[in-house]
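Peer 1: I would like to see how this sequence folds:
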Amino acid sequence: MTRALALTVSNRAAAGVYPDRSGPVLASLLREAGCDVDGPVVVADGDPVERALREAVAAGYDVVVSTGGTGLTPRDLTPEMTRRVLDREVPGIAEAIRAAGIAAGVPAAMLSRGVAGVAGATLIVNLPGSTGGVRDGMAVLGGVLAHAVEQVHGGDHPRPASGAAD
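Peer 2: Below you'll find the predicted structure:
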């Protein structure tokens, strides 16, 4: 089973100003995608994101999906903190998530700066901080998550059935 961490990035939720709403949705959708989920763990944006990601990679999570901190405000630093941890980016995941949001009638989805990539043997994906953004993002990610994790761990691409053209 895929071991996943749901990470909520929110300065206000981390400070107790209001409850985390997107993290529980994310954790539930990761479970529905077949993951054994820890969290949501709530951290403030900035350096705490980098620390949480590094700890998750060291702990051997197969995937870490974050929600929040991907917007345009000066305090939205999740993509920058994520890039500090990544060994390789997987831009197609973030591009597909943004495209799906736009196609679903959410023009502001193009403003998300979320990134995705691999750190060690851990896939890391940033999603927007809204519950809708989490649902839209997981609708995209859920369909490729098991295959992506398998590849990160050295698995091969599926091959066509015998006799089919390569």
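
Peer 1: give me the low-pLDDT residue ranges for this structure?
Peer 2: The chain contains residues with pLDDT under 70 at 158-166.

Peer 1: can you give me the helices for it?
Peer 2: Secondary structure of the chain (DSSP state H): helices located at 11-14, 22-32, 47-58, 78-85, 91-103, 131-141, 145-152.

Peer 1: tell me what the fifth one is packed against?
Peer 2: What it means is helix 91-103. Helices and strands touching helix 91-103, by 3 or more Cβ pairs under 8 Å, 6 or more residues apart in numbering; DSSP states H and E, are strand 116-119, strand 122-127, helix 131-141. Every residue, glycine included, has its C-beta placed from N, CA and C.

Peer 1: that one: which residues count as buried?
Peer 2: Residues 93-94, 96-98, 100-101 are the ones in helix 91-103 that count as buried (16 or more other Cβ atoms under 10 Å).

Peer 1: tilt between that helix and helix 131-141?
Peer 2: Following axes from the mean of the first three to the mean of the last three Cα atoms, to 10 degrees, one obtains 130 degrees for the angle between helix 91-103 and helix 131-141.

Peer 1: one more: the third one?
Peer 2: If you take the same axes, to 10 degrees, helix 47-58 sits at 30 degrees to helix 131-141.

Peer 1: need the CA coordinates for helix 47-58. PDB is fine.
Peer 2: Presented in PDB, the C-alpha positions along helix 47-58 are these (Å, rounded to 0.1, in the frame of the first residue of the first chain):
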ATOM      1  CA  ASP A  47      10.700  27.200   6.300                       C
ATOM      2  CA  PRO A  48       8.300  24.900   8.200                       C
ATOM      3  CA  VAL A  49       7.200  23.500   4.800                       C
ATOM      4  CA  GLU A  50      10.800  22.700   3.800                       C
ATOM      5  CA  ARG A  51      11.400  21.000   7.200                       C
ATOM      6  CA  ALA A  52       8.200  19.000   7.000                       C
ATOM      7  CA  LEU A  53       9.000  17.800   3.500                       C
ATOM      8  CA  ARG A  54      12.500  16.800   4.400                       C
ATOM      9  CA  GLU A  55      11.200  14.900   7.400                       C
ATOM     10  CA  ALA A  56       8.700  13.100   5.200                       C
ATOM     11  CA  VAL A  57      11.300  12.100   2.700                       C
ATOM     12  CA  ALA A  58      13.600  10.800   5.500                       C
END
